[in-house]
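Novice: next one to model:
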Amino acid sequence: MAALLVGMKNGARRAGPTREWAVFTDPTRKGWEWHLDVTFLLSRWSCIFGRGCKGVDGVPFHGCCSYGVWFRDEDDRKRTERRAAMLTAEEWQNHGRRDGDLFAFGGKESEGRTRTVDGACIFLNKPDFQTGAGCALHHAALRRSEDPADWKPSLCWQLPMNYEEEESNKRHVITSFDHSDWSDDGSEPLHWWCIGAPETATERRRVFQAMAPELRKLMGKNLHATVEGWLEAKARTRTS
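Specialist: Presented below is the predicted three-dimensional model:
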């Protein structure tokens, strides 16, 4: 059974506009809960990469790939490294520039992040490349009829969801990224971020429907089925 919370701090880290939340008990971890941003999950947000996205640094074909991506843990980094070794020159524009470390290290995140080349993630293909603009890992997965989430760093396939596991509070939190998430104190936000842009609210399906595979991967099949059914019922009461 879900309990609604209204006006909870967004992402449990920062104050924000009033949002509707739902809380579900974790069926696999005793004492843990899932706090879900219902406002975001019922929205009609859609990724518009290559269809009007302004990019986080003002370069449209960069999308959200301008700075490379931080890895959540060692497994995340190692999986990406294994997949990168499978990429061919026909799939990856920077294949010939992979000598040395694929990843940049330092800062608080011990596992580092993807290295940047020409002002963007090393895995980003440009519009003039034969695959077209976009992530080489993503293109390669689709070419092999595989799930891109099994190829890309976890943060990449979860965007624009912001998933956090809060050990101290025993809760999983799913909300959306906003400008302030990209700096420790919100003082250095990105140049632009798509969540607040009206032109992204064009999806026929709601976020929880369009991103069902990603949510299922995070929550597990059983919990996701419960959450999906609850959100479907909730969506039927909405007119927008």
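Novice: now do the longest helix seen in the chain: distance to the chain's middle.
Specialist: Determined from DSSP state H, the single longest helix within the chain is helix 221-235. With CA atoms, centre = their mean, to the nearest Å as the basis, helix 221-235 stands 20 Å off its chain's centre.
Novice: do stretch 25-42 as well
Specialist: On CA atoms, centre = their mean, the centre of stretch 25-42 falls 17 Å from that of its chain.
Novice: could you shift the numbering so residue one becomes 387, and keep it that way?
Specialist: Okay, using 387 as the starting number, the last item reads as stretch 411-428.
Novice: so where's this structure uncertain?
Specialist: Applying pLDDT under 70 to the chain flags residues 387-403, 486, 491-497, 564-579.
Novice: in it, mark out all the helices, start to finish.
Specialist: Going by DSSP H, the chain shows helices at 424-427, 460-470, 522-529, 540-544, 593-596, 598-605, 607-621.
Novice: elements contacting the third one?
Specialist: Translated: helix 522-529. helix 460-470, strand 510-511 (3 or more CB pairs under 8 Å, 6 or more residues apart in numbering; DSSP states H and E). No exception for glycine: its C-beta is placed from N, CA and C like everyone else's.
Novice: pull the contacting residues for the nearest residue to residue 526 once chain neighbours are set aside.
Specialist: Using CB to CB, 6 or more residues apart in numbering and skipping residues adjacent in sequence, the residue nearest residue 526 is residue 477, 4.7 Å away. Neighbouring residues of residue 477 by CB atoms under 8 Å, 6 or more residues apart in numbering: 517, 522, 525, 526, 529.
Novice: how about those in TSV, adding distance to residue 435 and neighbour count?
Specialist: Shown next, in TSV, are the contacts of residue 477 (distance: CB to CB, whole Å; neighbours: other CB atoms under 10 Å):
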residue	distance to residue 435	neighbour count
517	14	19
522	14	25
525	12	23
526	17	23
529	18	12
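Novice: what are the contacting residues of the longest helix of the chain?
Specialist: Outside helix 607-621, the residues that reach it (CB under 8 Å, 6+ apart) are 388, 408, 410, 412-414, 420, 422, 424, 427-428, 592, 594, 598, 601-602, 605.
Novice: any of those buried? List them.
Specialist: 388, 408, 410, 412, 420, 422, 424, 427-428, 592, 594, 601-602, 605 (16 or more other CB atoms under 10 Å).
Novice: farthest-separated two in these?
Specialist: Farthest apart among the buried ones among the contacts of helix 607-621 by CB to CB are 412 and 592. That separation is 23.2 Å.
Novice: do I have it right that residue 436 meets residue 511?
Specialist: No: the pair residue 436 / residue 511 is not scored as a contact, 11.5 Å apart, by CB atoms under 8 Å.
Novice: between the two, what contacts are shared?
Specialist: 518, 519, 520.
Novice: nearest to residue 460 among those?
Specialist: residue 520 (26.5 Å).
Novice: count the neighbours of the nearest residue in space to that closest one that is not next to it in sequence for me.
Specialist: Closest residue to residue 520 apart from its sequence neighbours, by CB to CB, 6+ apart: residue 511 at 5.9 Å. For residue 511, the count of nearby residues is 22 (other CB atoms under 10 Å).
Novice: ok, residue 511 touching residue 479?
Specialist: Yes: counting by CB under 8 Å, residue 479 is a contact partner of residue 511 at 4.4 Å.
Novice: got the domain boundaries for this protein?
Specialist: 389-432+546-621, 446-542 (automatic domain parsing).
Novice: separation between residue 465 and residue 524?
Specialist: Noted for residue 465: a distance of 14 Å to residue 524, by CB to CB, to the nearest Å.
Novice: more crowded one of those two?
Specialist: Neighbour comparison, residue 465 and residue 524: the larger count goes to residue 524, with 19 against 16 (by other CB under 10 Å).
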